[in-house]
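# generate a structure from the sequence data that follows.
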Amino acid sequence: MQLLNIGDAAAAAGVTPKMIRHYEMLGLIPEPQRTDAGYRLYGEREVAMLQFIRQSRGLGFSMQQIESLLSLWRNPSRHSKEVKEVAQRQLEELQQRQRELDQMRGTLEKLVQECRGDDSAHCAILDRLSRPAKPCCNDGADRAKKALKAVRPGERRPAAARPRPDAAPAQNPHAALTAWSLALARHA
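Now for the predicted structure:
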């Protein structure tokens, strides 16, 4: 393959010349050879790297992940498990995004079904979007609110709610932290 100018290299790789310059600036591809007039020249290896980046971007890999993959691709003594780990993390991220998209789609489908879509001013979609969101999970928030309500300004917590300094670790949630800090102080 002969050396290509930036436009031809971009066309061969399926990217724009602007993206090639961006990838060079990020250090994803090496500085190209240049003509005496300063024009960039790209060989087969650089075009392959550009195709690699384009296809990786198409799979949603971040620039940092692509940098890792390129580094592994260039390393003949790489281990395929390292490549698989990067791809596995990306797959898990995509699966999480898909779950979020499915949830959004389901909510939006319900909203669209609830809206009459006629000439009236009332719209179930706008009504729902203007209401406060329902909490997604409890996580003890109700218990915390009750505990806060149980103590009025100027009052102390009931003795039963205060941890005793001599309490067993199961009753004192800070026992492990206390033990760790004491052990750290002894070794200092």
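# just read off the phi/psi values of Tyr42.
phi -120, psi 140 (degrees, to the nearest 10).
# could you report the neighbour count for it?
23 (other Cβ atoms under 10 Å). (C-beta placed from N, C-alpha, C; glycine too.)
# isn't it right up against Pro32?
Yes - if you go by Cβ atoms under 8 Å, Tyr42 and Pro32 touch, sitting 5.4 Å apart.
# let me see the confidence value for the residue most central in space within the chain.
For the chain, Glu93 is the residue whose C-alpha lies nearest the centre (Cα atoms, centre = their mean; 6.9 Å). Per-residue pLDDT puts Glu93 at 94.
# what about the strands in this protein?
33-34, 40-41 (DSSP state E).
# what helices or strands is the longest helix seen in the chain leaning on?
Counting residues, the longest helix in the chain under DSSP state H turns out to be helix 80-114. In terms of contacts (3 or more Cβ pairs under 8 Å, 6 or more residues apart in numbering; DSSP states H and E), helix 80-114 is packed against helix 63-74, helix 124-130.
# any idea which helix or strand in the protein has the lowest mean pLDDT?
The weakest-scoring helix or strand in the chain, judged by mean pLDDT, DSSP states H and E, is helix 175-187 (a mean of 50).
# what's the per-residue pLDDT of Lys134 here?
At Lys134, pLDDT is 70.
# that one: neighbour count?
5.
# mind checking how far it is from Leu108?
16 Å (Cβ to Cβ, to the nearest Å).
# what of Leu41?
With Cβ to Cβ as the criterion, Leu41 and Leu108 are 50 Å apart.
# please say which of the two ends up with more neighbours.
Leu41 (16 against 11).
# output the below-cut-off pLDDT ranges for the protein.
Low-confidence segments of the chain (pLDDT under 70): 1, 135-188.
# what sits up against stretch 63-78?
Applying Cβ atoms under 8 Å, 6 or more residues apart in numbering, the set of residues contacting stretch 63-78 from outside is 26-28, 49, 52-53, 56-57, 61, 82-83, 86, 89-90.
# endpoint to endpoint, stretch 116-127 covers what distance?
12 Å (Cα to Cα, to the nearest Å).
# same question for stretch 8-24.
16 Å.
# for that stretch, buried residues please.
9-10, 12-13, 15, 19-20, 23-24 (16 or more other Cβ atoms under 10 Å).
# spatially nearest residue to Gly43 (excluding sequence neighbours)?
Leu3 (5.7 Å; Cβ to Cβ, 6 or more residues apart in numbering).
# pretty sure that neighbour contacts Glu44?
No - under the criterion of Cβ under 8 Å, Leu3 makes no contact with Glu44, lying 9.2 Å away.
# sorry, back to before: distance of the residue nearest to the centre of the chain from Ala87?
Taking Cβ to Cβ, one finds Glu93 at 11 Å from Ala87.
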